[in-house]
Each structure stands twice: as structure tokens, then as C-alpha cells.
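1. got a predicted structure plus its sequence, pasted below:
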Amino acid sequence: VSYYDYYQPEAYLPVSNTYIEKDLSINKDIEKLRLSTTSSLLSGRRDVIVVSSVSCLYGIGNPADFHANVTNVFKGETIGRNVFLRKLVDALYSRNEIEFNR
């Protein structure tokens, strides 16, 4: 299983003096699983086993940074709209009129 649907590493072809930029497409379903697994690991759960490709693990970053960007909202809790939206923006979510994407 790969983190990417498509991955083209950067390359240089000296014969034609051509540079090919890296190109990739992240698999959104695997991205969701990756984030869910990371969250489970950082929450202290002891029943999580990770079997993954290097591409899924690479770039997860510092666990403290990930944990700092987690926003927990509990049933019955009141949180201000602007506070919640700011937390989403800080987590790199953006608004569009079609779908909710990261």
C-alpha cells in the first residue's frame, strides 16, 4: 500500500539537460487512515499496531507539533464560531463552496 496514487520523483537528464519536477497525488482515503492512526497513537491508546509503507510514515513530523494542532470538541461543549474556525485555519483547512478539504 502506498500513500500516493501517483508519485514521480524529481529527475535530471544530463543528455538533454532536462530537469523533471517531482509530481504526486496523495490517496485521500489513506491520508484519513494515517491521520486517524497518528491521533490514536498520540492519545495514549495501547491497542494500536501500525503496518505501513515508508511513504505513509515519512513527513508525519514531530508528535508534539501534531498534538499541538489537535482540536477536541466534546458533546455538550460550547466553543465560539470564530475560535473554532481559527483552529481549522491553523490546521491548514481552507474554505470552498464545493467540499471540505485540507
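-> Perfect, I can see it now. Numbers count the residues shown, from 1 in each chain.

2. from the centre of this protein, point out the most distant residue.
-> Taking CA atoms, centre = their mean, the residue of the chain most remote from its mean C-alpha position is residue 15, at 37.3 Å.

3. which SS class is that residue?
-> Secondary structure assignment for residue 15 (DSSP: H, G, I helix; E, B strand; the rest coil): coil.

4. please renumber so the chain begins at 299
-> Done: numbering now begins at 299, and the last item shifts to residue 313.

5. lowest average confidence, helix or strand, in the chain?
-> Among the helices and strands of the chain, helix 352-355 carries the lowest confidence by mean pLDDT, DSSP states H and E, at a mean of 73.

6. OK, contacts around residue 306?
-> When the contact criterion is CB atoms under 8 Å, 6 or more residues apart in numbering, the partners of residue 306 are 318, 320-322. Bear in mind the C-beta positions are built from the backbone N, C-alpha and C, glycine included.

7. tell me which other helices or strands the longest helix belonging to the chain touches.
-> Of all the segments of type helix in the chain, defined by DSSP state H, the longest one is helix 326-340. Taking 3 or more CB pairs under 8 Å, 6 or more residues apart in numbering; DSSP states H and E as contact, the helices and strands that helix 326-340 lies on are helix 361-366.
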